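# fold the following.
(one chain, ligands or ions: 1)
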Amino acid sequence: MTRILFFIAACFPFLAPAAERPNIITVFIDDMGWTDLSCFKGDHVKTENIDRLATEGIKFTNFYVNSPICSPSRVAFTTGQYPQRWRITSYLNNRRSNNNRGMAQWLDPKAPVLARELQKNGYATGHFGKWHMGGQRDVDDAPPISRYGFDRSLTNFEGMGPKLLPLTLKPGQDPEKPGRIWQNATRLGEGVIWMQRSHITKGFVDAALKFIDEAQTDKKPFFVNLWPDDVHSPFFPPLDKWGDGTKRSIYYGVLDAMDEQLGPLFDRIRNDAKLAANTLIIVASDNGHETGAGKSDPLRGAKTWLYEGGIRSPLIVWGPGLMEKAAVGKANTSSILCALDVNRSLYTLCATALPGGTRLDGEDLSSTLLGRERRSRNAPLFWRRPPDRPGFGHGLQEDNPDLAVRNGRWKFLVNYDGSDPQLYHLGKDPGEKHNVAGNFPEVVKDLHAKLKKWNSLLPQDAGFPKPRKGPGPTSKLSNPVPGQPPGIPRLASSLQNLKAFPLLGP
Ligand SMILES: [Ca+2]
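Residues are numbered from 1 along each chain as shown. Reported below is the predicted structural model:
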């Protein structure tokens, strides 16, 4: 009988009893630098609650997100597919701006969503925090978060449905007369609660704790996104954490407050033997730090850049009841993996069937995440810069390469037109200071070919240059979406012709 049950479980893992499936909490921080958490060598504030997860779990130092900016990074984590497939290649803004950049207005609900498949498999699913995959500014007809497979949601000014909106307070300001920001977001669904910006993470945590209690009562495994508004600007830390009031100081005040407010969520799981034995907590940042706020030393670049500081993120996986004991408390410095892979791995870890009719770009690295092995993803990892971030003036006075690929020790960056090829040996040169493209022509040729092929199979956006009509560099773009307004000017020139634009991925 045991053998038969084992056979059934092996063939149909998604039929495994609910009690055996782990609970999942993902904490996707907004705009935090590579070296801001004290467990990642940050020295401004002590993030003791997140650090404790690292001490009792595993931290990964070669983890990447799939875009250096909010919306596409969230789409990758959510769908397990490159966000270019869904034409979300920069932050979602107002309708006209999205059009101008050749982007969709929101994540197509037809996209595969991990939460939806978990929900079908009996999970209670909740999203608490920033969404930013549709429904912001004047885009008030985006699908509600529930359309993506969430039983419950509570979001901020960049998502549809019930939301927490921020009151603001600065030192010396009359507390009876707080400021308000993002007031227009009241149009994005019912259920608006105004609360101090400095306590909004607590607001999301309180809602998540209630949701977890209800899932426990219902005897359902749970999948919870706790995606803070922190540590994105503008910065409004609690009044006792303003320090000297500089941008850097109040940024770290927000980071410190966020860590404190996440503590009760982590403690709820850690202090409950049953939950501690069967829950996985995953902590990462959706992209690098804002220039002048956090830090990514010794990495080059920041948010919006394809250099490491824009796309490499801390990753902490906690789950003492599920992980290899010998790996706990250690750093995995060798496995190269990305948000797409975490998404794909969670299907396996949650014994849930993959979505039908599509192929995920992530690879199953569930054993790596649990510390049972140190495998990396097999396929190279590719990036395309946001169409509105060609560089110069967005934090770094240099061009932002259009495309990048990481394959093993190598990172290669290049523009669409083949100009400015850069090759870095990340093992020896994580700061991307020494371009060795001239020394390794075969590596350059191979990675450039792979990168061009990857990019050619995906829908274009307005970052692609307009075809040249005569001599001289191209300075304007056209929107590759038929019938849409023209795009934005770009500084770098390019020779690549626009190709037919597939309206829908993948
Ligand atoms: Ca972000």
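# so who does the residue of the stretch 1-150 of the chain found nearest the ion touch?
For the stretch 1-150 of the chain and the ion, the shortest gap (C-beta to the ion) falls at Cys70, measuring 3.6 Å. Where C-beta positions appear, they are placed from N, C-alpha and C, glycine not excepted. If you count contacts by C-beta atoms under 8 Å, 6 or more residues apart in numbering, Cys70 has them with Asp30, Asp31, Tyr91, Lys130, His132, His232, Asp286, Asn287.
# same thing but 6 Å
Shown here is Cys70, whose contacts under the criterion C-beta atoms under 6 Å, 6 or more residues apart in numbering are Tyr91, His132, Asp286.
# which non-adjacent residue is nearest the closest residue to the ion within the stretch 351-500 of the chain?
For the stretch 351-500 of the chain, the residue closest to the ion is Pro386, as judged by C-beta to the ion, at 11.4 Å. In space, and not counting its chain neighbours, Pro386 is closest to Ser90: 3.5 Å by C-beta to C-beta, 6 or more residues apart in numbering.
# hmm, Arg385 and that neighbour touching each other?
No - applying C-beta atoms under 6 Å, one finds Ser90 not in contact with Arg385, separated by 8.8 Å.
# am I right that Phe77 sits in a helix?
Yes - residue state for Phe77 (DSSP: H, G, I helix; E, B strand; the rest coil) corresponds to a helix.
# next, count neighbours for it.
When counting by other C-beta atoms under 10 Å, one arrives at 27 neighbours for Phe77.
# burial measure for the residue lying closest to it once chain neighbours are set aside, as a count.
Ranked by C-beta to C-beta, 6+ apart and with sequence neighbours excluded, the top spatial neighbour of Phe77 is Ala339, at 4.3 Å. As a burial measure, Ala339 scores 30 neighbours (other C-beta under 10 Å).
# list the contacts of the residue of the stretch 101-250 of the chain found nearest the ion.
When distances are taken as C-beta to the ion, the stretch 101-250 of the chain approaches the ion most closely through His232, which lies 5.9 Å from it. Residues near His232 by C-beta under 6 Å, 6+ apart: Asp30, Asp31.
# I'd like the numbering to begin with 40 instead of 1 from here.
Sure thing, new numbering starts at 40, so read that last one as His271.
# what ranges do the helices span in this protein?
Taking DSSP state H, the helices of the chain run over residues 41-50, 87-95, 109-118, 134-139, 153-159, 239-256, 286-309, 312-316, 347-350, 378-388, 405-408, 480-495.
# contact partners of the last one?
Right, helix 480-495. Everything outside helix 480-495 that qualifies as a contact, by C-beta under 6 Å, 6+ apart, is Pro419, Phe421, Leu442, Val444, Trp449, Phe451, Pro460, Leu462, Ala476.
# for the last one, give its distance to Asp485.
Note on Ala476: its distance to Asp485, by C-beta to C-beta, to the nearest Å, is 12 Å.
# burial measure for the residue nearest to Pro425, as a count.
26.
# which residue packs closest to Leu131, ignoring adjacent ones?
Nearest non-adjacent residue to Leu131, counting by C-beta to C-beta, 6+ apart: Ser110, 4.6 Å away.
# returning to that earlier point: can you redo the contacts of Cys109 as TSV with distance to Met362, neighbour count and pLDDT?
Listed next are the contacts of Cys109 as TSV, based on distance: C-beta to C-beta, whole Å; neighbours: other C-beta atoms under 10 Å; pLDDT from 0 to 100:
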residue	distance to Met362	neighbour count	pLDDT
Tyr130	34	24	98
His171	31	28	98
Asp325	24	28	98
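# can you add distance to Glu471 and give those back as JSON lines?
Written out in JSON lines, the entries for those read as follows (distance: C-beta to C-beta, whole Å):
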{"residue": "Tyr130", "distance to Glu471": "24"}
{"residue": "His171", "distance to Glu471": "28"}
{"residue": "Asp325", "distance to Glu471": "21"}
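# identify those among these that sit within strands.
Among these, DSSP state E puts none in strands.
# contacts with the ion among those, please.
Among those, the residues that sit close to the ion (C-beta under 5 Å from the ion) are Asp325.
# closest one to Ala501 out of the contacts of Cys109, please.
Minimum distance to Ala501 across those is 13.8 Å, recorded for Tyr130 (C-beta to C-beta).
# any idea how far the closest one lies from Thr318?
Relative to Thr318, Tyr130 is positioned 31 Å away (criterion: C-beta to C-beta).
# can you check Leu354 too?
Leu354 sits 17 Å away from Thr318 when distances are taken as C-beta to C-beta.
# and Asp213, how many residues sit next to it?
Other residues near Asp213 come to 7 when the count uses other C-beta under 10 Å.
# what parts of the stretch 290-439 of the chain come near the ion?
So the stretch 290-439 of the chain meets the ion at Asp325, Asn326 (C-beta under 5 Å from the ion).
# nearest to Pro394, of the helices of the chain?
When the helices of the chain are ranked by proximity to Pro394, the top entry is helix 153-159, at 5.5 Å, counting by C-beta to C-beta.
# just checking, what packs against that closest one?
Using 3 or more C-beta pairs under 6 Å, 6 or more residues apart in numbering; DSSP states H and E as the contact test, the elements touching helix 153-159 are strand 163-168.
# name the residues that touch the strand it packs on?
Contact with strand 163-168 is made by 154, 157-158, 184, 188-193, 243, 246-247, 250, 254, 259, 261-267, as judged by C-beta under 6 Å, 6+ apart.
# model confidence score at the closest residue to Thr372 other than its chain neighbours, please.
Of all residues beyond its chain neighbours, the one nearest Thr372 is Thr100 (4.7 Å), with distances taken as C-beta to C-beta, 6+ apart. Predicted confidence (pLDDT) for Thr100: 98.
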